[in-house]
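The following block contains a protein sequence and its predicted model.
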Amino acid sequence: MSDEPADDRDAESPEESRDDPDIEGSDETRGDLDERPLAPDDAAESDPDPASDTGSSATDGAASPNLETDGEGVVGDPHTPEQPYPDPDDDIGGLSTPPDDEEMPLADHIEEMVLRLAVVLLFGAGGTAIGLLWASNAIEFIWFNVFPYDAGEVPPPHVYNPLELWLTRIKISSLLGIMIALPAFVYECYLFMRPGLYPNERKYYLAAVPTSVVLGAIGMLFSYVLVLPILFRYFTYYAEGSADIAYALGDTFNLIITLMGFLAIVFQIPLFIMLAIMMGVTTRRWLAQKRLYFWAGFAGLSFMFTLDPTGMAPILVAVTMILLFEGTLFVLKWVGRE
């Protein structure tokens, strides 16, 4: 085995290695690194003290308490206060609620509405019962004034079944019942909606009760003075010369009562429009823009509730409704309500 070194580097003496400047620089650098103080983070990482770990864990536990969870999110967080719901009576977004507004179950609303409608029916039934006392005089008076004949030429009424006269008396008495039930209906509607109305809206609604009575009376008078004479003049001209005219008492008064009662309701149109605009439900401009839809609705209602195969009575009623609608819009525009 040879004693010579296999490599020249292996044969370097310790002196040569010690005198090499590169190696000396490395040693100096190493010494500097050894003598450099540790940074706080490095000290924390290199600190093997278990006591510090225990203290850190205790601090983390105090900062982050145990939180309950329901599987979908954290519940019971003491640092997150529960957001209370606003009180319905509070002023939210600049809009205040009516002073008597309160929430009620739907069943209670329906029960109250049924009871108030029952009150209206009682008023109507009471008015009809009172009207029966003068029903015969009312039949005679109306019969001799709606036909386009002189007093001695008016055709007598014809009765074709035993109960026809009594049923006609009840029907003519129902006109008084309608007159009494209309303001009762408006007032009961006011009581039903009163909790949700502001004070100014309540004032408008209360003023509407006597106005409703006046408009209903005007509607009946309009039907008696203008619509019925025109209608019976048309019927007489239509049938004259082709048959002997014999007006049945029951059928004739069915038409008279239907027209008078329906026109009493029709004449409430100005009142409904005024209330809707004063309460902010709609505007005159919007009603004017949708007038064709209202005209079509008026025509449909008149043909639905006015039974006349000739079509003359529904046309007269539809024209009356349209004139009332347009007249109300004209008055609103004239007084500056848009």
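On my side now, so go ahead.

burial of Gly219, as a residue count?
27 (other C-beta atoms under 10 Å). Bear in mind the C-beta positions are built from the backbone N, C-alpha and C, glycine included.

can you check Phe298 too?
Phe298: 21 neighbours (other C-beta under 10 Å).

Who are the packing partners of whichever strand or helix holds it?
Element membership of Phe298, judged by DSSP states H and E, is helix 291-305. Judged by 3 or more C-beta pairs under 8 Å, 6 or more residues apart in numbering; DSSP states H and E, the packing partners of helix 291-305 are helix 312-335.

how about the helix it packs on: buried residues?
312-314, 316-318, 320-322, 324-325, 328-329, 332 (16 or more other C-beta atoms under 10 Å).

what do you get for stretch 150-169?
157, 164, 168-169.

got the contact list for that stretch?
Identification of contacts with stretch 150-169 by C-beta atoms under 8 Å, 6 or more residues apart in numbering yields 132, 135-136, 139, 143-144, 147, 149, 245-250, 252-253.

likewise stretch 314-324?
222, 227, 230-231, 259, 262-263, 266-267, 269-270, 294-295, 298-299, 301-303, 306, 308.

pLDDT below threshold where in the stretch 151-300 of the chain?
151, 239-243 (pLDDT under 70).

Leu307 contacts Asn254, correct?
Yes. Between Leu307 and Asn254 there is a contact under C-beta atoms under 8 Å: 7.4 Å.

Identify, from the buried residues of stretch 150-169, the entry nearest to Arg285.
Thr168 (46.8 Å; C-beta to C-beta).

Leaving out chain neighbours, which residue sits closest to the closest one?
Of all residues not flanking Thr168 in the chain, Phe253 sits nearest, at 4.8 Å (C-beta to C-beta, 6 or more residues apart in numbering).

Helix, strand, or coil at the one you found?
Under the three-state scheme (DSSP: H, G, I helix; E, B strand; the rest coil), Phe253 adopts helix.

quick check, nearest of the buried residues of helix 312-335 to Glu111?
Met321 (33.9 Å).

so how far is Leu275 from the closest one?
17 Å (C-beta to C-beta, to the nearest Å).

and what of Leu165?
41 Å.

just Leu197 next, same as before
11 Å.

Grab the longest helix from this protein for me.
The longest helix of the chain (DSSP state H) is helix 164-193.
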